[in-house]
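Participant: sequence unknown, structure follows:
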């Protein structure tokens with residue numbers, strides 16, 4: 001051991017000498033740099049003096065009328081040469097990379113790395129830690145890592161957005177083959193920004209599943225209509241203030257209505273597109289005739305689709321007939337719709353409202369509804385005018401009915417209230433049709449379509465992002481993707497465990513705390529399901545009777561040796577350096593504590609080699625310092641020669 005101590009001391013003394021030499025080199029380099037700065041200032045002053053002398057010579061010659069053109073040009077050339085030498089000197093000064101500067105930058109970089117790692121550990125390990133996303137992890141300290149942090153700060157939120165996009169749709173039944181790239185490309189094929197596409201699918205997943213068999217089977221049908229519906233919206237609906245968001249709602253309402261009529265699986269993509277277009281046009285017309293917004297009318301139709309009794313009646317009609325009946329109901333106030341359903345579904349009035357409307361309208365209410373069903377009346381504008389005039393007539397001739405209502409007859413009270421809501425002036429056909437087909441008067445339609453134009457550009461740029469993300473991260477062949485998969489799927493805590501175990505062992509008692517078994521107490525505190533596990537990290541204190549079986553926790557390098565196999569123990573002891581003797585009377589073990597020094601010698605040799613490498617690196621640094629000093633000296637000589645030539 002004494003010999004080993006002596007060798008180790010010599011090694012560290014050698015390192016100390018090398019460090020002193022390195023310090024001398026650094027001091028010499030710094031001194032040269034300071035001297036160089038002084039020379040630079042002197043050179044600048046000299047240049048100014050030379051230029052002033054040239055100008056003075058020019059003035060003297062000019063005042064004496066002796067300045068010729070050649071002399072004037074020569075003085076200009078001299079001044080240009082002086083200025084050029086100053087510029088060269090400045091460039092040379094800027095081009096000098098000091099060794100001290102390089103060392104300072106390296107130390108600064110390493111310092112930031114260490115501080116960033118410390119912050120990451122602190123934020124992950126604190127009690128209130130709730131890190132669940134890429135962005136959470138970056139903000140926990142990764143953003144402070146030089147260079148890498150800035151890139152992660154921009155990348156992490158985008159990755160989180162993709163994860164949330166996929167989770168939202170996958171949890172609604174739209175998994176896209178577990179591929180975010182496929183999801184993004186289907187959204188592109190639909191001509192929709194990703195968030196608009198997500199909202200369309202997620203809000204209507206139930207309709208898609210019931211109409212097409214599954215959500216994933218319904219998505220291509222809906223997505224395939226996206227670009228055609230956008231063109232239709234821009235060309236025919238924008239003049240009514242309708243954008244793609246509303247058209248998507250119309251599409252899903254029409255699909256839900258058809259599903260409720262029992263037409264699931266019977267609609268082709270072309271039928272779905274044409275049906276949506278016709279449905280949207282009817283909403284625009286109804287909005288003009290009733291004064292209700294298209295979104296409110298659409299909402300009412302969606303609610304009507306949940307009326308199973310009425311939908312069963314509509315299922316007996318063809319698509320055009322069912323659509324006329326639905327739109328006729330929208331022309332009526334909510335209080336009159338039940339009366340209309342009775343006449344449409346049963347052919348006769350049943351409730352008080354239906355019977356009262358039939359009586360006071362002279363049968364006109366029922367006749368109009370029946371004409372719609374039979375197809376002899378298909379004009380919604382005309383039907384609207386009939387209902388308005390009918391309400392007006394009931395009110396004007398309703399004196400007797402009003403008296404009956406005041407006397408306590410509830411039938412007439414309800415009918416007169418409905419008539420009040422129906423009454424109105426008939427719409428002028430020419431005026432309404434002119435409003436619908438009116439040519440664009442200014443650029444407001446273009447302004448409405450600005451939303452669609454921006455969405456089109458968003459779609460294209462998101463296609464670019466899809467390609468970049470696929471190549472860099474999401475593709476199975478991408479380096480980042482493989483690294484992510486390796487980290488997540490193959491023990492992501494591997495290196496963290498190693499770090500924690502190392503740190504815990506530094507502190508007193510840390511070895512025990514880093515042992516998982518020490519947390520499972522026999523008294524049940526801090527353990528679940530391991531209350532009866534026995535600890536033997538200090539041995540079992542001799543042979544003990546464990547009955548038919550007792551759970552135990554092993555720690556690190558340990559051995560379990562039965563009492564009747566003491567020879568195994570002898571083999572284990574010989575493996576760690578103890579000498580053993582064996583006789584016929586039994587197994588006798590003698591431990592002379594003569595341990596093999598091979599391991600210690602090998603470790604010592606590795607330490608010596610390591611210190612030699614350190615010394616070599618220090619010598620390299622000294623050499624760099626010497627070369628810097630030499631370059632600085634050559635630079636000073638060049639400046640001196642430059643100054644001499646100018647004088």
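Facilitator: Great, that's in hand. Just so we're clear, the structure is a prediction, and the values are computed from it rather than from any experiment.
Participant: Tell me the first helix or strand C-terminal of whichever strand or helix holds residue 289.
Facilitator: Per DSSP states H and E: residue 289 is located in helix 269-290. Sequence-wise, the next helix or strand downstream of helix 269-290 (DSSP H and E) is helix 294-304.
Participant: can you list contacts of that following helix?
Facilitator: 240, 242, 246, 249-250, 253, 256-257, 280, 283-284, 286-287, 290, 310-311, 326, 329-330 (C-beta atoms under 8 Å, 6 or more residues apart in numbering). C-betas here are computed from N, CA, C, even on glycine.
Participant: How about stretch 185-196?
Facilitator: With C-beta under 8 Å, 6+ apart, stretch 185-196 has contacts from 165, 176, 184, 197-198, 200, 219-220, 222-227, 230, 244-245, 248, 455-456, 458-459, 462-463, 466.
Participant: For the closest residue to residue 370 other than its chain neighbours, which residues are in contact?
Facilitator: In space, and not counting its chain neighbours, residue 370 is closest to residue 343: 7.3 Å by C-beta to C-beta, 6 or more residues apart in numbering. Counting by C-beta under 8 Å, 6+ apart, residue 343 touches 349, 354, 358, 365-366, 369-370.
Participant: In PyMOL, how would I select just the buried ones from the residues you listed?
Facilitator: Buried residues among those (16 or more other C-beta atoms under 10 Å), as a PyMOL selection:
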select buried, resi 349+354+358+365+366+369
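Participant: Most widely separated two among the contacts of residue 343?
Facilitator: For these, the maximum inter-member distance is 13.1 Å, found between 354 and 370 (C-beta to C-beta).
Participant: Which other helices and strands does the helix holding residue 289 contact?
Facilitator: helix 226-232, helix 244-260, helix 294-304, helix 319-331, helix 380-396, helix 429-436 (3 or more C-beta pairs under 8 Å, 6 or more residues apart in numbering; DSSP states H and E).
Participant: got the angle between it and helix 429-436?
Facilitator: Going by axes from the mean of the first three to the mean of the last three C-alpha atoms, to 10 degrees, helix 269-290 is angled at 120 degrees with respect to helix 429-436.
Participant: Contacts only, for the closest residue to residue 225 other than its chain neighbours.
Facilitator: The shortest distance from residue 225 to any non-neighbouring residue, by C-beta to C-beta, 6+ apart, is to residue 273 (5.2 Å). By C-beta under 8 Å, 6+ apart, the contact set of residue 273 is 225, 228-229.
Participant: how near is residue 273 to residue 419?
Facilitator: To residue 419, residue 273 is 40 Å away according to C-beta to C-beta, to the nearest Å.
Participant: where in the stretch 451-600 of the chain is pLDDT low?
Facilitator: 507-542, 548-549, 554-557, 561, 563-600 (pLDDT under 70).
Participant: how close does the closest residue in space to residue 364 that isn't next to it in sequence get to residue 489?
Facilitator: Closest residue to residue 364 apart from its sequence neighbours, by C-beta to C-beta, 6+ apart: residue 390 at 5.5 Å. For residue 390, the distance to residue 489 (C-beta to C-beta) stands at 72 Å.
Participant: Mind checking which of those two has more residues around it?
Facilitator: Taking other C-beta atoms under 10 Å, residue 390 and residue 489 do not tie; residue 390 has more neighbours (20 against 8).
Participant: can you pull the pLDDT of that one?
Facilitator: At residue 390, the pLDDT value in this model is 87.
Participant: What of residue 182?
Facilitator: Model confidence at residue 182 (pLDDT) stands at 91.
Participant: out of everything not next to it in sequence, what's closest to it?
Facilitator: Using C-beta to C-beta, 6+ apart, the nearest residue to residue 182 is residue 176, at 4.6 Å.
Participant: How much space separates that neighbour from residue 264?
Facilitator: 22 Å.
Participant: Looking at these two, which has the bigger crowd around it?
Facilitator: Neighbour count, other C-beta under 10 Å: between residue 176 and residue 264, residue 176 has more, with 20 against 16.
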